[in-house]
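Trainee: Fold the following and give me the result.
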Amino acid sequence: MKPGFISASNPIFWPPPPLVVAFALAGRVDIDLTQEAVGMDPNGEPVYLKDLWPSDQEIDALVAAHVKKEFFEAAYGRIFEGDHFWKSLNVVASTTFPWDKASTYIKNPPYFDDFSLTPKAPGDIHNARAFLLLGDSVTTDHISPAGAIAEAYPAGQYLTEHGVSKADFNSYGSRRGNHEVMMRGTFGNIRIKNKLVDPKQGSFTLKFPEKKEMYNFDAAMAYKAEKTPLIVLAGKEYGTGSSRDWAAKGTFLLGIKAVIAESYERIHRNNLVGMGVLPLVFSPGENAETLGLDGSETFTLSGIENMTPRKLLSVTATRTDGTTLQFTVISRLDTDVDVTYFEHGGILPCVMRGMMTDQEK
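Mentor: Numbering: from 1, shown residues only. As a prediction, this is how the structure comes out:
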């Protein structure tokens, strides 16, 4: 199975080039080359793979005769000169990169918007909404798909509005330099299962308190306009699969402040911390189902100030009927470094502040 990709359990074979040639000569792949002949010689005699396969001595002799260090010296000695295509590029001289506002592939990301040298201390999260209610084994491809962009989905709508035809949409992976596309694609896998809209699959959620079904991106922007913080409720192995940085970047850009899961894939937990999103786990033996959470509640997370590694935090869930439920979660800021990154709002502003402070000395 390809890691992080649902419905991708297809066998993948990686033969060396000579074996590919042998199968090509045989004209079929359903052949046991250890027992069956690859083909016949001009005299009608069978020729087996062992007759064709070069020995180590033959390979060493060919390498010694034909692979010369001069080849590499000539190529790599001019590597920074570039070829005629590189030299013909029209480059505008500037101190910083001249962003093309018309580009749908590369945009200036907002990670340093409202940046200041003094970080704003993180505080408790009040009256947050559950953006998604997810189950187990939510992969990074569920969170940030890399494949085709659906025309009806927010990312497809964005590209259409910017004059891109459907045939030229390309993929999320190819447009990872454009945060406008990628944040619209966050939690945009057509197979993601959000229990708030069960049994429907895809990039949909319920916007509370209206209980209005919306695309995930549209709901996130509606919450942002209302200044409502968001959390995600999930099960075991949250963020499993490939270490896709956009799974954390998109989460941050949608306004999600914290994720409460039963467990995390190691790298995705690191990436959430790096983007200033607080990873939390339920207490052992508890999860959204055992606690009776259905995602319609509002959530207040207390104890975030004066954070320490693996700190216990209190969560108060207020139901629609006004009753409350209080439970304890565990911070997955596992080290002092994690805490530092979180207090700075992520690794990028933390590093930037460090660089600017060093320059002032």
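Trainee: now the helices for the stretch 101-250 of the chain?
Mentor: Taking DSSP state H, counting those that start in this stretch to define them, one finds helices in the stretch 101-250 of the chain at 140-143, 154-161, 179-185, 216-225, 245-253.
Trainee: Redo the ones you listed as JSON lines? Include mean pLDDT, distance to residue 12 and mean neighbour count.
Mentor: For glycine as for every other residue, the C-beta is placed from the backbone atoms N, C-alpha and C. Shown next, in JSON lines, are those (pLDDT from 0 to 100; distance: least, C-beta to C-beta, whole Å; neighbours: other C-beta atoms under 10 Å):
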{"stretch": "helix 140-143", "mean pLDDT": "97", "distance to residue 12": "17", "mean neighbour count": "26"}
{"stretch": "helix 154-161", "mean pLDDT": "98", "distance to residue 12": "28", "mean neighbour count": "19"}
{"stretch": "helix 179-185", "mean pLDDT": "98", "distance to residue 12": "25", "mean neighbour count": "25"}
{"stretch": "helix 216-225", "mean pLDDT": "98", "distance to residue 12": "31", "mean neighbour count": "19"}
{"stretch": "helix 245-253", "mean pLDDT": "98", "distance to residue 12": "23", "mean neighbour count": "24"}
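Trainee: JSON lines please, covering the ones you listed and showing distance to residue 13.
Mentor: Formatted as JSON lines, the helices of the stretch 101-250 of the chain follow (distance: least, C-beta to C-beta, whole Å):
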{"stretch": "helix 140-143", "distance to residue 13": "22"}
{"stretch": "helix 154-161", "distance to residue 13": "33"}
{"stretch": "helix 179-185", "distance to residue 13": "31"}
{"stretch": "helix 216-225", "distance to residue 13": "37"}
{"stretch": "helix 245-253", "distance to residue 13": "29"}
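Trainee: closest to residue 65 out of these?
Mentor: helix 245-253 (45.3 Å; C-beta to C-beta).
Trainee: now for the helices of the stretch 101-250 of the chain, which one comes closest to residue 292?
Mentor: Across these, residue 292 has its closest neighbour in helix 216-225 (23.2 Å, C-beta to C-beta).
Trainee: Could you report the separation of the residue nearest to residue 263 when sequence neighbours are not counted from residue 261?
Mentor: Spatial nearest neighbour of residue 263, excluding adjacent residues (C-beta to C-beta, 6 or more residues apart in numbering): residue 236 at 5.0 Å. Residue 236 sits 7 Å away from residue 261, going by C-beta to C-beta, to the nearest Å.
Trainee: Could you report the pLDDT at residue 357?
Mentor: On the pLDDT scale, residue 357 is placed at 85.
Trainee: which of residue 236 and residue 261 has more neighbours?
Mentor: residue 261 (27 against 15; other C-beta atoms under 10 Å).
Trainee: And the more buried one, how far from residue 331?
Mentor: 12 Å.
Trainee: What of residue 342?
Mentor: As for residue 342, its distance to residue 331 is 9 Å (criterion: C-beta to C-beta).
Trainee: repeat for residue 133
Mentor: For residue 133 relative to residue 331 (C-beta to C-beta), the value is 21 Å.
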